[in-house]
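1. Build me a model from this:
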Amino acid sequence: MALILNLETSTQVCSVCLSRGSEIIAWKEDFEGKNHAKLLTIFIEEVLKESGIKAEELDAIAVSKGPGSYTGLRIGVSTAKGLAFALSIPLISVNTLKMLAAGYLLEYETLREKENLLLIPMIDARRMEVYSAIYNTKLEECRKVEAEIIDEKTYSDLIEKNRLIIMGDGADKCSDYLKNPNISIASDFFVSAKYMAQLSSEKYEKKNFEDVAYFEPFYLKDFVAIIPKKSIL
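-> Prediction:
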């Protein structure tokens, strides 16, 4: 099985995990946010040192491709591409929202047996907007990734026949609007490079690799720079 270094920087979490197949060998992560540039390379070095693995022994580099934080994605992808190029090994990308859903199923295995259950991973996108997608318990995409505004009517077409579980750092925005017994909100469940392991391993086995030279993150929306008010003439 492939030895893969997994990097997650698409949200407030900076997370690094070394895995072989679905087995987690070592990991480091920080949930404080805005520390990606400072911590990512440190975590990579610590994970390799802790496991006794040399960078030259890696079979692939996997990175969260988004959607998510523009800055976090840029840092993670540039680091992953640099490592893949320097080591001449494949680059693998993992959808951040699918990673969230996969992680939730790993933590709560019995949910795989439930019928009419939909997983809605959700990432904060400022104000009342979130990035979200919908998956079933087989991790099949039931609705593609979208940027959406949360209100009282959100998912009203789904709750009559399905139970919904919403997770991620954007889930808390649903608490005041989505009050239904068929909706569970796990606002304390976040992404982690640990949840990439199985997905990146499956992609490695299928040789589903990215072009190191041309791969770009999935930003979903164009980046818009905000000029501080004090800088406006």
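
2. what's the domain layout of this protein?
-> 3-95+191-231, 97-186 (automatic domain parsing).

3. which residues does Ile53 contact?
-> Leu3, Leu18, Ile25 (Cβ atoms under 8 Å, 6 or more residues apart in numbering). Where you see a C-beta, it was placed from the backbone N, CA and C, and this is true even at glycine.

4. Against Asp176, how distant is the spatially most central residue of the chain?
-> Centre of the chain computed as the mean C-alpha position; nearest residue by Cα atoms, centre = their mean is Thr96, 2.6 Å away. Going from Thr96 to Asp176 by Cβ to Cβ, to the nearest Å gives 24 Å.

5. what about Val130, how many neighbours?
-> 27 (other Cβ atoms under 10 Å).

6. Please read off the pLDDT at it from the model.
-> At Val130, the model reports a pLDDT of 95.

7. looking at it, it is touching Val145, isn't it?
-> No: taking Cβ atoms under 8 Å as the definition, Val130 is not a contact partner of Val145, at 10.8 Å.

8. wait, Asn208 sits on Leu91?
-> No: under the criterion of Cβ under 8 Å, Asn208 makes no contact with Leu91, lying 10.6 Å away.

9. Those two: who's more crowded?
-> For Asn208 versus Leu91, neighbours defined as other Cβ under 10 Å are more numerous around Leu91 (20 against 12).

10. And what about Ile4, helix, strand or coil?
-> Of the three states, Ile4 takes strand under DSSP: H, G, I helix; E, B strand; the rest coil.

11. what about it, how many neighbours?
-> By other Cβ under 10 Å, neighbour count at Ile4 equals 25.
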